[in-house]
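> Fold the stuff below for me.
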Amino acid sequence: MRAVIQRVRYARVTVEGRTVGEIGPGLLVLLGVAQGDDEARAEKLATKLAELRVFPDGDQRMNRSLLEIGGAALVVSQFTLLADVRKGRRPYFGGAEAPDRAAALCEHVVASLRRAGVAPVEQGAFGAMMQVELCNDGPVTLILDSADLEGPRRG
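From the prediction side, this is the model:
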């Protein structure tokens, strides 16, 4: 799984002019599911998202987590995060998981965030053409890969 996370003041996702998910302060999570991803990776990613210290403390240092600030999460599926653009001019999406399996794993991330105590957790509409609006706070934007959560810490 690959996630682009943004610390936001607010975020909203609409489909055909109708809001399907909206949050106040918290994290917008653009989530791509790769072939071979499983429920264990989804849970590790959700735990990392809930506990990642990217929110400011009293000294304005990134030292507080989503759980600690009582923040929300908006999870938006985005298979294009798995694009391979090494050859040619057209992205290749062969590394992305099949839609039915990807949808189930996105739901697993959402459920895992809720079990971890994040509330509210909103989501986009899987497979739909969505418009995402946000106010990036900081700005703070990070890229997480679930494979990186399994090995020793680098650097």
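> For the rest of this, base every contact and every neighbour count on C-alpha atoms.
Fine.
> low-scoring pLDDT stretches of the chain, where are they?
151-155 (pLDDT under 70).
> Which parts of it are helices?
Taking DSSP state H as the criterion, the chain carries its helices at 39-51, 66-69, 99-116.
> From Gly88, how far out is the spatially most central residue of the chain?
Central residue of the chain (C-alpha atoms, centre = their mean): Val29, 2.4 Å from the mean position. Val29 sits 29 Å away from Gly88, going by C-alpha to C-alpha, to the nearest Å.
> same thing with Pro120?
As judged by C-alpha to C-alpha, Pro120 and Gly88 stand 41 Å apart.
> of those two, who's got more company?
Applying other C-alpha atoms under 10 Å to Pro120 and Gly88 shows that Pro120 carries more neighbours, namely 17 against 8.
> Quick one: residues contacting the more buried one.
By C-alpha atoms under 8 Å, 6 or more residues apart in numbering, Pro120 lies in contact with 23, 71-73, 114.
> Show me which pair in these is furthest apart.
Ile23 and Arg114 (14.3 Å; C-alpha to C-alpha).
> between the two, which one's more packed in?
Ranked by neighbour count (other C-alpha under 10 Å), Ile23 and Arg114 place Ile23 first, with 23 against 18.
> related to what we said a few turns ago, how about the helices of the chain in TSV, adding distance to Gly124?
Shown next, in TSV, are those (distance: least, C-alpha to C-alpha, whole Å):
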stretch	distance to Gly124
helix 39-51	16
helix 66-69	19
helix 99-116	10
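> closest one to Leu149 among those helices?
The minimum distance between Leu149 and those falls on helix 39-51, with 7.2 Å, by C-alpha to C-alpha.
> all strands for the protein, in order.
Here the chain has its strands, by DSSP state E, at 2-15, 18-23, 26-32, 55-56, 62-64, 72-77, 121-123, 131-145.
> Tell me the strands beside the third one, with direction?
Partners of strand 26-32 in the sheet, by DSSP bridges, are strand 2-15 (antiparallel), strand 72-77 (parallel).
> Give me whichever of those strands is most buried.
For the strands paired with strand 26-32, the largest average neighbour count (mean count of other C-alpha atoms under 10 Å) is found in strand 72-77, namely a mean of 26.
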